[in-house]
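Visitor: The following comprises the amino acid sequence and a computationally predicted model.
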Amino acid sequence: MKTIFISAFLLLAVTSFAQKKQSLFNGKDLKGWTIFVGDTSLTPDKFFYVKDGVIETVGVPAGYLRTKKEYSNYRLHVEWRYPEKPVNSGIMLHVTGPDKIWVSHYQANLKHLSVGDFVVHGVGEKATISGKEYVSTGKDKPAVPKMNPSNEKPDGEWNSYDIVCQGNIIEIKVNGILQNSAANCSLTKGAIALQAEGCKIQFRNIWIEKIK
């Protein structure tokens with residue numbers, strides 16, 4: 001009887017966790033997402049698309065793929081890799097305002113050898129890191145270096161970002177290691193976006209979990 005009770009409890013716990021997690025990518029198409037590309041002559045579905053069960057972008061020109069919904073207070077998991085030469089990209093958080101190339105947001109950087117850097121982007125947006133306030137202006141978009149040495153995997157291998165956005169705090173982990181923590185963020189909700197900025201990059205296993 002005791003064994004049956006424990007098994008039932010574990011099943012309930014697993015089921016509850018599964019219900020909290022929400023996949024943002026179904027592995028088939030870009031349902032729930034919208035594409036923004038600065039060059040209007042480029043067909044959006046040639047810019048971001050699904051290939052072999054993963055999201056891929058050619059990376060040029062600059063733009064992004066963002067969720068149609070806005071989110072706040074969540075855990076986000078994203079896996080990525082550069083199938084060719086690694087250059088630059090980013091995970092955009094709390095994307096706010098009309099779509100444009102340099103829309104207001106915070107960014108978990110994906111620039112090669114700078115993964116884990118935290119970028120404050122927008123006019124007047126703020127964040128405090130290690131006791132120092134960083135303010136984004138029209139000319140200056142502060143990129144705060146990661147806490148620890150680079151722990152990116154070799155070119156072509158899959159990496160993971162695990163990000164917690166709770167209230168005005170954002171914490172980002174790269175391959176399980178905490179690399180940055182920001183407080184007093186002026187943006188606390190918005191869309192989530194995958195950036196195209198310079199090269200081909202792929203994304204998979206994107207899920208979000210609501211937290212209080």
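Guide: Structure's in. What do you need?
Visitor: Quick check: next helix or strand after the lowest-mean-pLDDT helix or strand in the chain?
Guide: Ranked by mean pLDDT, DSSP states H and E, the weakest helix or strand in the chain is helix 2-20, scoring a mean of 43. Scanning forward in sequence from helix 2-20 by DSSP states H and E, the next helix or strand is strand 21-23.
Visitor: Buried residues in the helix or strand following that next one, which are they?
Guide: Next in sequence after strand 21-23, counting helices and strands by DSSP H and E, comes strand 33-37. The neighbour-count check on strand 33-37 (16 or more other CB atoms under 10 Å) flags Trp33, Ile35, Phe36, Val37 as buried. C-beta coordinates here come from the backbone N, C-alpha and C atoms, glycine included.
Visitor: Looking at those residues, which is nearest Pro154?
Guide: For those, the closest approach to Pro154 (CB to CB) belongs to Trp33, at 28.8 Å.
Visitor: do you know how far that closest one is from Val135?
Guide: 30 Å (CB to CB, to the nearest Å).
Visitor: now do Gly176
Guide: Using CB to CB, Gly176 is found at 31 Å from Val135.
Visitor: Show me which of these two is the more surrounded one.
Guide: Just comparing Gly176 and Val135: by other CB atoms under 10 Å the higher neighbour count belongs to Val135, 14 against 8.
Visitor: The more buried one contacts Gly122, correct?
Guide: No: at 9.7 Å, Val135 does not count as touching Gly122 under the criterion of CB atoms under 8 Å.
Visitor: beta partners of the closest residue to Trp80 other than its chain neighbours?
Guide: Distances taken as CB to CB, 6 or more residues apart in numbering place Phe203 nearest to Trp80, at 5.1 Å, with adjacent residues excluded. Following DSSP bridges, Phe203 is listed with bridge partners Ile55, Trp80.
Visitor: what's the neighbour count on Phe203?
Guide: Phe203 has 23 neighbours, counted by other CB under 10 Å.
Visitor: And for Asn168?
Guide: 15.
Visitor: what's the spacing between it and Ser186?
Guide: For Asn168 relative to Ser186 (CB to CB), the value is 8 Å.
Visitor: contacting residues for Glu152?
Guide: Neighbouring residues of Glu152 by CB atoms under 8 Å, 6 or more residues apart in numbering: His112, Leu113, Val115, Asn159, Val174, Asn175.
Visitor: Three-state assignment for the nearest residue to the fourth one once chain neighbours are set aside, please.
Guide: In space, Asn159 comes closest to Lys153 once its chain neighbours are excluded; the distance is 5.2 Å by CB to CB, 6+ apart. Remark: Lys153 carries the secondary structure label coil [criterion: DSSP: H, G, I helix; E, B strand; the rest coil].
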